[in-house]
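Trainee: The following comprises the amino acid sequence and a computationally predicted model.
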Amino acid sequence: MNLLTDSLGPPIAFAPMFPVSRPRRLRTTAALRELTAESRVHVSDLIAPLFVREGIDTPQPIVSLPGVVQHTLPSLVDEVRQLVALGVKGVILFGVPSTKDDVGSGAFDPNGIAQKALRTLRDTFQDDIAIVSDLCVDEYTSHGHCGVLDSSGRVDNDATLDIYCRTALAQATAGAHVVAPSGMMDGQVGAIRAALDAAGFVDVAIMAYSAKYASAEYGPFRDAVDVRIAGGGDRKGYQQDWRNSREAVREVLEDIDQGADIVMVKPALAYLDVIAEVRRLTPLPLAAYHVSGEYSMLKAAAANGWIDHDATALEHLGAMKRAGADIILTYLTRWYAEHVS
Ligand code: PBG
């Protein structure tokens with residue numbers, strides 16, 4: 001039986017006045033779809049975030065970030081060697097120190113864990129992969145904030161800039177190709193650029209976490225770097241309010257004025273509108289950070305059998321590119337390099 005004609009009667013004849021537009025024509029074969037795809041993700045677009053922890057003998061799994069570990073120095077080198085072989089062009093490094101203090105001095109100690117790791121990576125891999133160093137102090141401060149506190153317990157913007165400049169110099173000296181200030185202090189890009197230039201590091205680039213929102217999606221990352229914010233506090237006093245997008249434009253423009261080489265929007269999927277807006281306003285390379293919580297939600301749903309991991313991962317990364325990101329920082333980098341490209 002023919003459902004259409006039996007239940008509805010004979011089809012209605014219609015004669016279009018002109019040839020019907022048929023977008024489906026270009027969807028008829030996989031080859032045509034591939035040929036006409038407007039955006040694609042390439043392994044060389046991706047940066048792998050990596051954690052290195054002081055004082056451990058074996059890599060430590062991070063429960064809330066399945067598949068991601070806190071590395072020892074040797075396991076970090078191993079991981080980067082594999083990423084280089086797979087064609088990955090960037091890693092971003094986060095240090096997890098064994099002791100913390102009020103000002104986060106481990107962040108700029110020449111023998112701090114991040115500096116040790118940067119030196120080892122640069123010695124081992126030279127310029128084969130871009131070595132990016134996250135530049136912040138929250139992993140190193142006893143109170144867990146991204147800066148130093150004033151007498152009333154608030155993050156002191158300008159005193160923090162001094163700490164960031166020391167950290168930038170320590171990271172550049174240790175071999176970072178790129179420093180990535182993530183603390184959302186006003187004036188941080190300009191201060192760091194001036195300090196780097198004055199010390200002769202004119203070729204060390206700045207990837208600015210320009211539009212970084214106070215997001216609940218950083219939860220698993222804080223497990224990865226052992227950060228708890230004192231008194232159950234939050235970062236709303238310096239990271240952006242997620243209700244705002246014009247404010248992101250302001251932040252990005254200021255970072256560009258101050259000398260940013262790459263600008264970033266973070267997190268990614270809940271902020272695709274911001275990525276698209278920033279794409280329109282600057283010719284600079286634009287990075288999107290697919291953050292820990294976004295990754296963990298994918299892993300958790302997939303582990304329950306509720307979604308298809310690979311298909312969803314591709315759709316998510318693809319959406320960031322479609323919105324206008326050039327570079328994606330993602331914990332999926334290794335998976336993508338091994339299984340997709
Ligand atoms: C701050 C920093 C954070 C992330 C990157 N750099 C955490 C924060 O702002 O609380 C989050 C990354 C992620 O969630 O994957 N040093």
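Mentor: It's in.

Trainee: Quick one: the helices in the chain, in order.
Mentor: All helices of the chain, identified by DSSP state H, fall at 3-8, 30-35, 73-85, 113-125, 157-174, 188-198, 219-224, 246-258, 272-281, 292-303, 309-323, 333-339.

Trainee: How far away from the center of its chain is the second one?
Mentor: Spelled out, it's helix 30-35. 30 Å (C-alpha atoms, centre = their mean, to the nearest Å).

Trainee: Dump the helices of the chain into TSV; add mean pLDDT and mean neighbour count as well.
Mentor: All C-beta atoms are positioned from the backbone trio N, CA, C, and that covers glycine. Below are the helices of the chain laid out as TSV (pLDDT from 0 to 100; neighbours: other C-beta atoms under 10 Å):
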stretch	mean pLDDT	mean neighbour count
helix 3-8	71	9
helix 30-35	98	10
helix 73-85	98	17
helix 113-125	98	20
helix 157-174	98	22
helix 188-198	98	20
helix 219-224	90	20
helix 246-258	98	17
helix 272-281	98	18
helix 292-303	98	18
helix 309-323	98	18
helix 333-339	97	17
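
Trainee: Now tabulate those in a markdown table and tack on distance to Q240.
Mentor: Shown next, in a markdown table, are the helices of the chain (distance: least, C-beta to C-beta, whole Å):
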| stretch | distance to Q240 |
| --- | --- |
| helix 3-8 | 53 |
| helix 30-35 | 37 |
| helix 73-85 | 31 |
| helix 113-125 | 25 |
| helix 157-174 | 15 |
| helix 188-198 | 14 |
| helix 219-224 | 17 |
| helix 246-258 | 6 |
| helix 272-281 | 9 |
| helix 292-303 | 16 |
| helix 309-323 | 18 |
| helix 333-339 | 25 |
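
Trainee: Which one of the ones you listed lies nearest to G55?
Mentor: When these are compared by C-beta to C-beta, helix 113-125 sits nearest G55, at 8.4 Å.

Trainee: now the angle between helix 73-85 and the closest one, please.
Mentor: Following axes from the mean of the first three to the mean of the last three C-alpha atoms, to 10 degrees, one obtains 50 degrees for the angle between helix 113-125 and helix 73-85.

Trainee: Can you name the residues in contact with helix 113-125?
Mentor: Identification of contacts with helix 113-125 by C-beta atoms under 8 Å, 6 or more residues apart in numbering yields 52-54, 73, 76-77, 80-81, 84, 91, 93-98, 106-107, 109, 131, 133, 170-171, 173-176.
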